[in-house]
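> sequence plus predicted model, see below.
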Amino acid sequence: MSLSRCLAVAAFAAACPIVGLNAQAMFRGTPEHQGVYDSGVPALKSVVWRFHAGGQIISSPVVVADAVYFGATDGSLYAVTLAGGQLRWKFDGHGAINSSPAFVDGLVIASSLNGHVYAVDAKTGKQQWDFRTAGERRFSAQGIHGGQPHTEVMPDPFDVFLSSPTVVGGTVYIGSGDHNVYALDAHTGALQWKFATGNVVHASPAVSNGVVYIGSWDRNMYALNASTGQEMWRFQTGEDTLFNNQVGIASSAAVAQGIVYFGCRDGHFYAVDAKTGVQRWSHDNNSGWVIASPAVADGVVYFPTADGFRFKALDAATGALKFSVENKTVSFSSPAIVGNLVYFGSSDGWMHAVDRATGKTRAEFQSDGSKTNSAKYVDAKGHFIPAKLYPDRTLDGMIMGVHNMFTMGSFLSSPVVANGVLYVGSTDGHLYALR
């Protein structure tokens, strides 16, 4: 990263020489969301420190200078010290912060379940501005996932993330459960423009060459002019009118070499031309969701599937499969590329490091929640036991199943790596620093 770019994304001039830290100023590291981190390679052999928050951590952390920032379901936005994981401050967001924060010019910005986007001072945690949307909500549909009664409109228990802000050129881009994509002034929170989609927007915007790329649960990936919000194109994915299971874009896009890469709940992974919206290729995941945001480097795109139980690498230009390895349980965690390894978490509370070339596992780490509770819900081969997770096929049963899964210290948070240390949150309430 050049010094000029460092100054553009960080308020602390003293931190600018620490290039590896300043790159981690938003979800996925950069506005293009490629998920590549310039750092030493963690071996996952030791816990440098763990910080226990007041709720589950679904938010991904951001690392800037000497602090780590993240949100939790207790409604707090946290700042802890990079060196030892001591609490520096916490801010009351009045609702679960399942949004990964962004850092710009001394401000930490994140979205809350109460429908507000907050900006707080990175040094003190004091609120600087807030922007009120029309309100958050989950994707909802009749008899979702085969739930009973089939005629009941149900919120989706697996719609767990809030949109994470992306900051470019002094503008915050963020989606909302009110169906809109917003562009806000990063320093004041003033509305610059908004764009209405047809449903909930919980993906994080990727921004490249003056264009915002963001998916909606209305099945469309949108390309919007970053200055005006004008629609440039939309790409429509599959539909499921029976169970509303194979529908919607929760995955945040990654942009590389003029191509937009993203997964979908319709069981496919897509590569779309960034200028025209024309499909370059698609990959069939055999009905497996892709909730995670992909990582892209050196002509290869990486992603885990959810119910497909795979971790895959595809040729970024053609979509040809390079490898597909078993992931024993579902994964919503977006992978991070560091050196010759790719790191990602899974819902059984394991963090994995796999070889970029072969997919072979090189290291693993088990969360405290997984050590304590996984034996209740995982069989001898490491696979979920659905009958133990989910009491029945009602909405209440699905909600209980998600709760049971989260007791295993699930890694829905996406790992961030800086100076040879991996930082990631868990639903057991811990933020882990792993070396």
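Everything's here; your move.

> hey, where'd the helices end up in the stretch 301-435 of the chain?
Applying DSSP state H, counting those that start in this stretch to the stretch 301-435 of the chain gives helices spanning 368-373, 386-389, 395-406.

> identify whichever of the ones you listed lies nearest to residue 193.
helix 395-406 (34.8 Å; Cβ to Cβ). Every residue, glycine included, has its C-beta placed from N, CA and C.

> mind checking the pLDDT average for the closest one?
Regarding helix 395-406, the rounded mean pLDDT is 97.

> of all the helices of the stretch 301-435 of the chain, which lies closest to residue 418?
Checking the helices of the stretch 301-435 of the chain against residue 418 by Cβ to Cβ gives helix 368-373 as the closest, at 22.5 Å.

> quick one: distance of the closest one to the chain centre.
Put simply, helix 368-373 sits 23 Å off its chain's centre (Cα atoms, centre = their mean, to the nearest Å).

> what's the answer for stretch 365-380, then?
Using Cα atoms, centre = their mean, the offset of stretch 365-380 from its chain centre is 23 Å.

> got the buried residues for that stretch?
Across stretch 365-380, burial judged by 16 or more other Cβ atoms under 10 Å covers 365, 367-370, 373-374, 377-378.

> one more: stretch 262-281?
Buried-residue list, stretch 262-281, by 16+ other Cβ under 10 Å: 262-272, 274, 277, 280-281.

> then it to PDB, C-alphas only?
What follows is stretch 262-281 as a C-alpha-only set of coordinates in PDB (Å, rounded to 0.1, in the frame of the first residue of the first chain):
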ATOM      1  CA  PHE A 262     -20.500 -14.000  -5.900                       C
ATOM      2  CA  GLY A 263     -22.500 -16.900  -4.500                       C
ATOM      3  CA  CYS A 264     -26.200 -17.400  -4.200                       C
ATOM      4  CA  ARG A 265     -28.700 -19.500  -2.300                       C
ATOM      5  CA  ASP A 266     -30.000 -20.800  -5.600                       C
ATOM      6  CA  GLY A 267     -27.100 -23.400  -5.400                       C
ATOM      7  CA  HIS A 268     -24.800 -21.600  -7.900                       C
ATOM      8  CA  PHE A 269     -21.700 -19.500  -7.900                       C
ATOM      9  CA  TYR A 270     -21.500 -16.800 -10.500                       C
ATOM     10  CA  ALA A 271     -18.900 -14.800 -12.400                       C
ATOM     11  CA  VAL A 272     -20.400 -11.700 -14.200                       C
ATOM     12  CA  ASP A 273     -18.700  -9.100 -16.400                       C
ATOM     13  CA  ALA A 274     -18.300  -6.000 -14.300                       C
ATOM     14  CA  LYS A 275     -19.100  -3.600 -17.100                       C
ATOM     15  CA  THR A 276     -22.000  -5.300 -18.800                       C
ATOM     16  CA  GLY A 277     -23.500  -7.600 -16.200                       C
ATOM     17  CA  VAL A 278     -23.300 -10.500 -18.700                       C
ATOM     18  CA  GLN A 279     -22.600 -13.900 -17.200                       C
ATOM     19  CA  ARG A 280     -19.100 -15.200 -17.800                       C
ATOM     20  CA  TRP A 281     -19.700 -18.500 -16.200                       C
END
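
> state the mean pLDDT of it.
pLDDT averaged over stretch 262-281 gives 98.

> next, count neighbours for residue 241.
As a burial measure, residue 241 scores 9 neighbours (other Cβ atoms under 10 Å).

> nope, residue 407 is what I was after
Number of residues near residue 407 (other Cβ under 10 Å) recorded here: 18.

> which two among the buried residues of stretch 262-281 are spaced furthest apart?
Top of the distance list for these (Cβ to Cβ): 267 and 274, 23.3 Å.

> pick the one among the buried residues of stretch 365-380 closest to residue 241.
Nearest to residue 241 among these, counting by Cβ to Cβ, is residue 377 at 31.6 Å.

> so who does the closest one touch?
Contact analysis of residue 377 by Cβ atoms under 8 Å, 6 or more residues apart in numbering lists 384-385, 388-389, 404-405, 408.

> if we use 6 Å, what do you get?
385, 388-389, 404 (Cβ atoms under 6 Å, 6 or more residues apart in numbering).

> circling back: nearest to residue 233, of the buried residues of stretch 262-281?
Using Cβ to Cβ, these come closest to residue 233 at residue 277, 3.3 Å.

> remind me which helix or strand the closest one belongs to.
In this structure, residue 277 sits in neither a helix nor a strand according to DSSP states H and E.

> just give the nearest non-adjacent residue to it, would you?
residue 233 (3.3 Å; Cβ to Cβ, 6 or more residues apart in numbering).

> and stretch 217-231, C-alpha only, in PDB?
The C-alpha trace of stretch 217-231 is given here as PDB (Å, rounded to 0.1, in the frame of the first residue of the first chain):
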ATOM      1  CA  TRP A 217     -32.700 -11.000  -1.500                       C
ATOM      2  CA  ASP A 218     -34.800 -10.100  -4.500                       C
ATOM      3  CA  ARG A 219     -32.400 -12.400  -6.500                       C
ATOM      4  CA  ASN A 220     -30.600  -9.600  -8.300                       C
ATOM      5  CA  MET A 221     -27.000  -8.500  -8.300                       C
ATOM      6  CA  TYR A 222     -26.900  -4.700  -8.900                       C
ATOM      7  CA  ALA A 223     -24.300  -2.400 -10.400                       C
ATOM      8  CA  LEU A 224     -24.900   1.200  -9.300                       C
ATOM      9  CA  ASN A 225     -23.000   4.400 -10.200                       C
ATOM     10  CA  ALA A 226     -21.100   5.200  -7.000                       C
ATOM     11  CA  SER A 227     -21.600   8.900  -7.400                       C
ATOM     12  CA  THR A 228     -25.300   9.000  -8.200                       C
ATOM     13  CA  GLY A 229     -26.800   5.600  -7.300                       C
ATOM     14  CA  GLN A 230     -28.100   5.200 -10.900                       C
ATOM     15  CA  GLU A 231     -28.600   1.600 -11.900                       C
END
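
> about what we covered before: closest to residue 208 among the buried residues of stretch 365-380?
Comparing those against residue 208 with Cβ to Cβ places residue 365 closest, at 32.5 Å.

> about what we covered before: now list the buried members of the contacts of residue 377.
Neighbour counting with 16+ other Cβ under 10 Å marks 389, 404 as buried within the contacts of residue 377.

> can I get the contacts of residue 377 in CSV including distance to residue 68?
Output for those, formatted as CSV (distance: Cβ to Cβ, whole Å):
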residue, distance to residue 68
385, 35
388, 34
389, 31
404, 28
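
> which outside residues touch the helix or strand where residue 234 lies?
Using DSSP H and E, residue 234 sits within strand 231-236. For strand 231-236, contacts defined as Cβ under 6 Å, 6+ apart pick out 219-224, 272, 277.

> same question for stretch 116-134.
89, 91, 93, 106-109, 111, 115, 176, 178, 184, 188-189.
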